[in-house]
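> Output the structure for:
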Amino acid sequence: MRSVVLNKGSKNNIKLGMAVLDEDYLVGKVVEVNFFTSRVLLLSDINSKIPVSISPGEVQAIMSGDGKQDGMLQYIKDSDLKGSEKEMIVTTSGAGGLFKSGILIGKILKEDIVSLASDLRVNLYKDFTQLKYVKVISISKKVAALDQSSKKNLKQMDDQIAEATRQKEKIRILVEEKKIAEEIRSKIEEENSTLKGRVFKLQNELSEAKQIAIENEIEKKNIEFLELNLLHGHKCRKNIFNNLYKVGTPEYEACVLRKGKKING
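Predicted coordinates:
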């Protein structure tokens, strides 16, 4: 958290919710009070939510801290800040009765306005690391009193901010789901590629095995023929004493496979 401790407390009439200023610039509000001391939540804290007004144009918005040294306009109501020719000033709006209106907070640089995004950065006037003396003020009940119209407008802004926050969370979840889906798709593609490589390798191995089996079968038949030829070749071989078959012809091979037996015709 971004906060500072004051050396004044309830003994000095310090109360919760009081505004804390450095010169004429708002730096935060009192969020904890003890008898001798009190703690101030600075505008740069991410838990700080301040209704503000942007000039020129009197555009209403809510400013929160960025957790470092600046503020962020989380929600800008009914506005179009593009086209501004100069820096814009951010002050308290007085909405909600938290602070009186018109207290200086910071400015929005022209280059940030030109590249307008969902959140605009507010350059705070004061450097909170250099705080030494501050003043604590309270607005009167008369100034703090809200009419029904102001309360209604403030509630509408709160509802719209809550809805915008929900939409951002939905977008974040969708982005995460898309990222997970892409990772899964990438892994599936990688596994498919690996499986395709294995299938191709197995097909090659099967083809080679079939070829070897065919060659083995041919070699087996050749060996069988040679053995039969040794035993029965003389029964099929043509010579001057018979009219059988010439060696190497299909008829001769068929005769050997029949073990020299004649075919009845």
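> can you give me the mean pLDDT across stretch 239-254?
Regarding stretch 239-254, the rounded mean pLDDT is 84.
> Quick one: list the elements packing against the longest strand along the chain.
As assigned by DSSP state E, the longest strand anywhere in the chain is strand 25-33. Counting contacts by 3 or more Cβ pairs under 8 Å, 6 or more residues apart in numbering; DSSP states H and E, strand 25-33 packs against strand 3-6, strand 19-22, strand 38-42, strand 104-108. In this view, the C-beta of every residue, glycine as well, is placed from N, C-alpha and C.
> what about the second one, average pLDDT?
The predicted model gives strand 19-22 an average pLDDT of 91.
> What is it packed up against?
By 3+ Cβ pairs under 8 Å, 6+ apart, strand 19-22 packs against strand 25-33, strand 135-137.
> so the first one versus strand 38-42, what angle?
Computed with axes from the mean of the first three to the mean of the last three Cα atoms, to 10 degrees, the direction of strand 25-33 lies at 140 degrees from that of strand 38-42.
> And the contacts of strand 25-33?
3-4, 6, 9-10, 14-21, 38-43, 45, 48, 50, 92, 98-99, 103-105, 124-126, 128, 131, 134, 136 (Cβ atoms under 8 Å, 6 or more residues apart in numbering).
> quick one: Glu92 from Ser55, how far?
One thing to correct before we go on: residue 92 is Thr, not Glu. For Thr92, the distance to Ser55 equals 12 Å [Cβ to Cβ, to the nearest Å].
> Also Phe36?
From Phe36 across to Ser55, the span is 39 Å (Cβ to Cβ).
> Over to Asn204?
Distance from Asn204 to Ser55, by Cβ to Cβ: 77 Å.
> mind checking how far Ser44 is from Val59?
For Ser44, the distance to Val59 - Cβ to Cβ - is 21 Å.
> Neighbour count: these two, which is higher?
Ser44 (23 against 19; other Cβ atoms under 10 Å).
> name the element Lys100 belongs to?
Lys100 belongs to no helix or strand when assigned by DSSP states H and E.
> Go ahead and confirm it touches Gly94.
Yes - under the criterion of Cβ atoms under 8 Å, Lys100 makes contact with Gly94 at 5.8 Å.
> And these two? Which one has more around it.
Gly94 (20 against 16).
> got the contact list for the more buried one?
Contact partners of Gly94, counting by Cβ under 8 Å, 6+ apart, are 51, 100-102, 143.
> Need these in CSV (columns: distance to Cys236).
Shown next, in CSV, are the contacts of Gly94 (distance: Cβ to Cβ, whole Å):
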residue, distance to Cys236
Pro51, 116
Lys100, 127
Ser101, 124
Gly102, 125
Val143, 130
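> Of the residues you listed, grab the buried ones for ChimeraX.
Burial among those is assessed by 16 or more other Cβ atoms under 10 Å; the matching ChimeraX selection reads:
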select :51,100
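> Apart from its chain neighbours, what residue comes closest to Thr129?
Closest residue to Thr129 in three dimensions, ignoring its sequence neighbours and counting by Cβ to Cβ, 6 or more residues apart in numbering: Gln69, at 7.9 Å.
> Quote the end-to-end distance of stretch 251-262.
End-to-end distance for stretch 251-262: 11 Å, by Cα to Cα, to the nearest Å.
> What residues of that stretch count as buried?
Neighbour-count burial for stretch 251-262 [16+ other Cβ under 10 Å]: 252-253, 255-257, 260.
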